[in-house]
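Visitor: what's the 3D shape of this:
(2 chains)
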Amino acid sequence: MVMVKVTVNYLEGVEDPEAITILKNLSDLGYRDVEGLKISKVYELKIKGSKQKAMKVAKEISETILTNPVIQEYDMSD
Amino acid sequence: MKLEQKNRNNGNYRREVPVTGLSNSSLLELSERMGLGLNIEEMIRLREYFRALDREPTDVELQAMAQAWSEHCCYKSSKFYLRENFSGLEKGPAILAMEDDAGVVEFDDTHAYVIKMESHNHPSAVEPYGGAATGVGGIIRDILCMGGLPIALMDSLYLGEAWARKTKNSLSPRYVMNSIIAGVRDYGNRVGIPNIAGSISFDSCFNSTPLVNAGCLGIVRKDKIVRSRIDRVGDLIILCGGRTGRDGIHGVNFASATLKSGKAVPKSVVQLGNPILKEPLIHAILELNDLGVIHGMKDLGGGGLSSSVGEMCLAGGVTASLELSNVLLKESDMEPWEIWVSESQERMVLSIDEKDLQLLDSVFKKWDIEYSVLGRSEPGTNLKLYYRGEKVFDLDLNFVTSGPIYCRNYQLPEPRRRELILPQEPENLGDFLVRVLSSPHLSSRSPITRQYDHTVRGKTIIRPLTGKPNGETHSDAAVLRPLRNSERGIALTAGSRYDMVAIDPYAGTLGTMMEAFLNILSSGGLPHTVVDCLNLGNPEEPQIMGQLMEITRAISEFCKSFNLPVVSGNVSLYNQYGDSNIKPVPTIVMTGIVTNVSNAITTEFKSPGNRIILIGRIDQNLGGSQILKILEQESSALPWFDLEMLHSIRDVWPGLVEQRLLEAAHDVSDGGLIQTLLEMGFGSDLGFDVDITKAGRFRTFEKLFSEGGPAIVVEVKPENVDQFNRIIGPRVPIIEIGSVTSGEVRVSDFNLVRLDSHISEFKRSWEDGLSRLL
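Guide: Now for the predicted structure:
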């Protein structure tokens, strides 16, 4: 069994309202030094079979189900 | 865009694009390279204009022109025919009809309501969550910019077959459905406006091109209505709300083109909404308006600053001089043209007197809203833009907004032979009903609509779901009481019978209008105004223009006949994936006035023993009905929609409502008479015992499932039947078909019992039909 970690982020330039709201609130709470904030989603997939095969499956899932390529990108690691 | 990036860091922000010397083919190439979306005739017109000026255009100028001349902004394909069909309509109670961003209609002596519906189809096809959410966000701003307090949302969604498999290169219909619903839900719920009306339907033609039509209703004091214009010289022009970014650049050019399979869509055309920012923006804007600070206001929708400022100046007969580097940005390295055409969300443009700047500043600070002063209005005709002091745009507004108007060829649909489709009668009607009630076309919408907040703000009198808590049925129209100190209400309904429109655009649109009309009546209201939102395929195809002609003609004739004004509208074209166009979808929003909300009527049966009366007529023709769609049978002709009879019903209706003779009312539409009766039962777990022999001299199947009309089923207390008959009079046909039972469901026809069952046998399959797909 292989564990594959898929991290999904918004593409550069896509505004994340959730992150903006947290950043703004942090600033209101006194954490003025926090300049940027990014939220990612991490999926940990446990896949049967060889590493090569697992990566292939994970790649397919990432591209077709976990992300919308119009606004998101993903990063895969085992 | 190599050409434009050359002099980037030299402090030289004015970048000319050589156009006057280009050949026709290079013009087209330029249009493509810069993403202008203009065709060859339009490019030639541009070239000739700059030849006459004896200079080259700047990149900002070219981008602005492309935007102003897009289908989305100037309605170049539809304007001619819209004018032809809508220009003769009476304004009636409307204060502003088809003029500014939204329609404004008199509500009572002191207040007016503001209403509009718009499509957000193309963005929702590529990024369903963001597209649907910003559709809702955008329509709220349309209401707000008239000075209106948004009080209700509505949305008509046309989705692909969520049960179908994913096609290559497009998102799966199920993912699209769930994301669109989530987008509508999250935005509306977070910004705190109830979503109370609309429709949801499924068809394979929407598998890759879903339609999202979002509408909003607002209320405004008559003396606080704000126009979308700048008509005073020397006013400050303010941009407030969200920051400007690269999201949504070229959105309108994209919305005015066909989606192609296999072609990656650039992310810059997709916008993301931020309801958490919108909420305080609404408060701040309304507070400023109450203080009398705002002279003119417009939201930034498709086309961004370019189209908003341009249209405001032109409408008010002034021009302006603006400094683009004052715009607050999300990304620091944006080009002047990107700033000017960006369609980032949550932004509004205001014009104010300079002396009010301090007041404006304090209100915006209080609500934590960012703003910037862009410049001033000026006399003259040429709009001037600067970037860090350097002039990057200087054009006559009349030319910029003089987009081409096409009088495109159209081809009317060929008259078809009236074929009567007679499907086989099911052996066991009960089993058959269980099957059709669980189909996505006829099952309960509650698994979806329950996700929307219906009652926030506390003005909702009739919700979209009505009856026993957690076992509700569908309402016909929602009813709101917008003012605290008045019992006057507004009824609201939205929807489309596109399966009928696809067969016959004219008759199908009449059917759509009739259904909206009956929905308002059934809720205890009288129809007041109409808003249309037309979704069509590629206007360069004559059949599509033929559909537009027929649909607008039907809307216009219906409105003339019933003296209803069309107060605002929207046309979305190029709804096409590859070579296949969508079915034509005219979404009709109708408002009604309920003179006293305590007279509003709900759809569920109230008490066993009450009489059930069918008002109007049932048609034999099943054409365009949901039952044929479920049975996958083609039909070629529509039932007859009897407008004369609708007039007669409308005339007697106020008497029935004011004397409170109707315990429940529900019109016959999707699913036919049987669906109407069952839905009335579902809301209170009561049944019915009816004999439909007199409903017509045709088969039981047609009586139960055909969707012609007008027909309304009402529940009347036995002691009120005489009074009911007196008011109805001789002109409106009625048939007393039976009475309400404590749960038994029985249908007889020609002395034969066709159905003998219990309401609980059907309710579960109706309620759970959609949940299986979500």
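
Visitor: geometric centre of chain A: which residue is closest?
Guide: A:V8 (2.1 Å; C-alpha atoms, centre = their mean).

Visitor: neighbours around the residue of chain A found nearest chain B, how many?
Guide: When you check chain A against chain B by C-beta to the nearest C-beta, the closest residue turns out to be A:P17, at 3.9 Å. For every residue, glycine as well, the C-beta is placed using N, CA and C. Neighbourhood size, A:P17 [other C-beta atoms under 10 Å in any protein chain shown]: 21.

Visitor: and what of B:R697?
Guide: Applying other C-beta under 10 Å, we find 9 other residues in the vicinity of B:R697.

Visitor: next one: the one 10 residues further on
Guide: Other residues within reach of B:E707, judged by other C-beta under 10 Å, total 31.

Visitor: over to the one 5 residues further on?
Guide: B:I712 is flanked by 23 other residues according to other C-beta under 10 Å.

Visitor: that one touches B:I615, doesn't it?
Guide: Yes - in this structure, B:I712 is within contact of B:I615 by C-beta atoms under 8 Å, at 4.7 Å.

Visitor: what is in contact with the two at once?
Guide: Listed contacts common to B:I712 and B:I615 are B:I649; contacts here mean C-beta atoms under 8 Å, 6 or more residues apart in numbering or on different chains.

Visitor: so where is chain B shaky, pLDDT-wise?
Guide: Applying pLDDT under 70 to chain B flags residues B:1-11, B:166-169, B:248, B:250-271, B:416-418.

Visitor: how much space separates the closest residue to chain A within it from B:S70?
Guide: Closest contact between chain B and chain A, by C-beta to the nearest C-beta, is at B:N274 (3.9 Å). Distance of B:N274 to B:S70, computed by C-beta to C-beta, to the nearest Å: 25 Å.

Visitor: could you do B:G569 as well?
Guide: Shown here: B:G569 relative to B:S70, a distance of 18 Å by C-beta to C-beta.

Visitor: ok, the closest residue to B:R746 other than its chain neighbours - how many residues close by?
Guide: Leaving aside its chain neighbours, B:R746 sits nearest to B:D689 (4.4 Å; criterion: C-beta to C-beta, 6 or more residues apart in numbering or on different chains). Using other C-beta under 10 Å as the criterion, B:D689 is surrounded by 18 other residues.

Visitor: how about B:E346, what does it touch?
Guide: The contact partners of B:E346, by C-beta under 8 Å, 6+ apart, come to B:137, B:141, B:241-242, B:273-274, B:277-278, B:281.

Visitor: mind redoing it with 7 Å?
Guide: By C-beta atoms under 7 Å, 6 or more residues apart in numbering or on different chains, the residues touching B:E346 are B:137, B:241-242, B:274, B:277-278, B:281.

Visitor: buried ones in the helix or strand hosting B:K298?
Guide: B:K298 belongs to strand B:294-299 when assigned by DSSP states H and E. Of all the residues in strand B:294-299, those buried under the rule 16 or more other C-beta atoms under 10 Å in any protein chain shown are B:294-299.

Visitor: which strands or helices does the helix or strand harbouring A:Y74 pack on?
Guide: A:Y74 belongs to strand A:72-77 when elements are defined using DSSP H and E. Contact here means 3 or more C-beta pairs under 7 Å, 6 or more residues apart in numbering or on different chains; DSSP states H and E; on that basis strand A:72-77 packs against strand A:2-10, helix A:51-61.

Visitor: hmm, B:Q547 and B:Q411 touching each other?
Guide: No - in terms of C-beta atoms under 7 Å, B:Q411 does not count as a neighbour of B:Q547; the distance is 9.6 Å.

Visitor: chain A against chain B: which residues are in contact?
Guide: Where proximity means C-beta under 7 Å from any C-beta of the partner chain, the interface of chain A facing chain B comprises A:11, A:13-15, A:17, A:20-21, A:68, A:70-71.

Visitor: of those, which belong to helices?
Guide: Counting by DSSP state H, the residues of chain A next to chain B place A:17, A:20-21 in helices.

Visitor: tabulate those residues (TSV), appending pLDDT.
Guide: Supplementary listing: those in TSV, determined by pLDDT from 0 to 100:
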residue	pLDDT
A:P17	84
A:I20	86
A:T21	86
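
Visitor: distance to B:P654 for those residues - can I get that in JSON lines?
Guide: Conversion of those to JSON lines gives the following (distance: C-beta to C-beta, whole Å):
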{"residue": "A:P17", "distance to B:P654": "47"}
{"residue": "A:I20", "distance to B:P654": "51"}
{"residue": "A:T21", "distance to B:P654": "49"}
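
Visitor: okay, now the closest residue to A:V2 other than its chain neighbours: neighbour count?
Guide: Across the structure, with C-beta to C-beta, 6+ apart as the measure, the residue nearest A:V2 apart from its sequence neighbours is A:A54 (3.8 Å). Around A:A54 sit 19 other residues, with neighbours defined as other C-beta under 10 Å.

Visitor: what's the answer for B:I692, then?
Guide: B:I692 is surrounded by 22 other residues when neighbours are defined as other C-beta under 10 Å.

Visitor: list the contacts of it.
Guide: B:703, B:737, B:747, B:749.

Visitor: apply 8 Å and report the result again.
Guide: B:673, B:700, B:703-704, B:737, B:747-749.

Visitor: against B:G273, how distant is A:P17?
Guide: Plainly put, A:P17 is 7 Å away from B:G273 if you go by C-beta to C-beta.

Visitor: ditto for B:A125
Guide: For B:A125, the distance to B:G273 (C-beta to C-beta) stands at 16 Å.

Visitor: more neighbours, these two?
Guide: B:G273 (28 against 25).

Visitor: pretty sure that one contacts B:G137?
Guide: Yes - B:G273 lies in contact with B:G137 (C-beta under 8 Å); the separation is 4.3 Å.

Visitor: then stretch B:440-451 to CSV, C-alphas only?
Guide: The C-alpha coordinates for stretch B:440-451 follow below in CSV (Å, rounded to 0.1, in the frame of the first residue of the first chain):
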residue,chain,number,x,y,z
PRO,B,440,-35.8,14.1,-11.1
HIS,B,441,-38.2,15.9,-13.3
LEU,B,442,-41.2,15.6,-11.0
SER,B,443,-39.8,14.9,-7.5
SER,B,444,-39.7,17.3,-4.6
ARG,B,445,-37.2,20.2,-4.9
SER,B,446,-36.8,20.3,-1.1
PRO,B,447,-33.5,18.4,-0.9
ILE,B,448,-32.1,21.4,-2.8
THR,B,449,-34.2,24.4,-1.7
ARG,B,450,-34.0,23.4,1.9
GLN,B,451,-30.4,24.3,1.8
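
Visitor: mind listing what's buried in stretch B:628-648?
Guide: By neighbour count with 16+ other C-beta under 10 Å, stretch B:628-648 contains the buried residues B:628-631, B:635, B:637-643, B:645-646, B:648.

Visitor: actually stretch B:394-403, not the one I wrote
Guide: Within stretch B:394-403, the residues that qualify as buried are B:394-395, B:397, B:399-401, B:403, counting by 16+ other C-beta under 10 Å.
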